[in-house]
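Asker: quick one: sequence plus predicted model below, questions after.
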Amino acid sequence: MLQPSWDSINFVLINTGKISKDRKYLSDIKEGMTHIHIQGHLFLWLLKEILKRAPNLKVIRVIPTEFRNLRGRHCRLLIDNGITVIKGHQRLCKIWQADRKLPEKYRLKREYLKNLPAPQKKLFDELLGFELKSALITARYFCLNDEPYAPFSDIMTEFGYTSSRSCVHDIVYSVLYYLDPSFNSSRNKSVKRRATTLRVTVNRMRRQKAKKEAFDNKVHELVKSSGIRGLPENLKPSQWDLFEKVLHAHQSGRLEGVLKDKHDKALCIIRQRWGLEDGVFRTLSSLAKMYGVSKTRIGQIETHAFILLGIR
């Protein structure tokens, strides 16, 4: 018998592990069921219970690893009741598209990420704010922005991965382990290793962010105190103090008063060097090319001008 198209069949997923722990899940097996997918081992007692509760059953699908474990008594029961057994895995994308009940593990992790406690939400938002690929992949796989479901293989292509499917799996579960170490995937050494790397990366990016904020605050204070729109392009932090002195000399009129007439070339070089004309800081080498002299000569002219202005 050919395998039916499960995309169009209203099949039901039965998790044998859950039923073994709590028999109340047997109530999921209804009388009118015709197709059942078994997730786990099909116990003989469970098969008897399924046949009792679903007399119209036509097809049972089991995962390939469990197909080999069906014994003679299983086969006799199935043949006597006219039930076909096929093998295959559930396809999460088809379950999602048909709006059927999602696998418990996937559903719980998705709900966890969509309803994170405040401390974990802050951590996850931080990962997304840093635009770390591992966080973006996790958000995509669990469809946190209500995108259509995509399996690991499609996500690998979307994010440019060429390695094995397990690579994306480990990335996703390393983020979950980073947020909450109680996840069972923490037993996987690769997941723990990736989570440790993620933690180191986040700490480094936090330091960079704090450094940038301090840098931006200092720039803001310098610009505000100087009364200018912004610092010249290409100006390094080590040159801020000197720039501030040159700018004050320019704003007070001392720059033009001291260098004009007798030192016009030095005045032009200082203006161009420190971006007083067009807001672009220039190196000694670029000015040397403009004036057709050596870099050393430009430095001498600048130093002499600073001496005249009383700038150290």
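Answerer: Everything's here; your move.
Asker: which SSE is Ile86 in?
Answerer: Assigning secondary structure by DSSP states H and E places Ile86 in strand 84-87.
Asker: what's the longest helix in this protein?
Answerer: For the chain, the helix with the greatest residue count under DSSP state H is helix 189-226.
Asker: C-terminal to the helix or strand where Leu123 lies, what's the next element?
Answerer: Taking DSSP H and E as the definition, Leu123 sits inside helix 118-129. Past helix 118-129, further along toward the C-terminus, the next helix or strand under DSSP H and E is helix 133-141.
Asker: now that following helix: mean pLDDT?
Answerer: Taken as a whole, helix 133-141 has a mean pLDDT of 91.
Asker: list the buried residues of whichever helix or strand comes after that helix.
Answerer: Secondary structure here is assigned by DSSP H and E; on that basis, the next helix or strand after helix 133-141 toward the C-terminus is helix 152-158. Of the residues in helix 152-158, those scored as buried under the neighbour-count criterion (16 or more other C-beta atoms under 10 Å) are Phe152, Ile155, Met156. Every C-beta, even on glycine, is put in place using the N, C-alpha and C of the backbone.
Asker: picking that back up, which neighbouring elements make contact with the helix or strand just after the longest helix of the chain?
Answerer: Taking DSSP H and E as the definition, the helix or strand that follows helix 189-226 towards the C-terminus is helix 240-251. Using 3 or more C-beta pairs under 8 Å, 6 or more residues apart in numbering; DSSP states H and E as the contact definition, the elements that helix 240-251 packs against are helix 189-226, helix 254-259.
Asker: about what we covered before: among the buried residues of helix 152-158, which one has the lowest pLDDT?
Answerer: The lowest pLDDT within the buried residues of helix 152-158 belongs to Phe152, which sits at 77.
Asker: returning to what we had before: now mean neighbour count, distance to Leu46 and mean pLDDT too, for the helices and strands packed on helix 240-251, in CSV please.
Answerer: Compiled in CSV, the helices and strands packed on helix 240-251 are given as follows (neighbours: other C-beta atoms under 10 Å; distance: least, C-beta to C-beta, whole Å; pLDDT from 0 to 100):
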stretch, mean neighbour count, distance to Leu46, mean pLDDT
helix 189-226, 13, 32, 85
helix 254-259, 17, 91, 85
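Asker: can you lay out those as a markdown table showing distance to Leu51?
Answerer: Converted to a markdown table, these look like this (distance: least, C-beta to C-beta, whole Å):
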| stretch | distance to Leu51 |
| --- | --- |
| helix 189-226 | 40 |
| helix 254-259 | 97 |
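Asker: of the ones you listed, which approaches Leu13 most closely?
Answerer: The closest approach between Leu13 and any of the helices and strands packed on helix 240-251, judged by C-beta to C-beta, belongs to helix 189-226 at 25.7 Å.
Asker: which helices and strands does the closest one pack with?
Answerer: Packed against helix 189-226 by the contact rule (3+ C-beta pairs under 8 Å, 6+ apart) you find helix 118-129, helix 165-179, helix 240-251.
Asker: now Val62: phi and psi?
Answerer: Phi and psi for Val62, reported as degrees, to the nearest 10, are phi -120, psi 160.
Asker: what about it, how many neighbours?
Answerer: Other residues near Val62 number 24, with proximity taken as other C-beta atoms under 10 Å.
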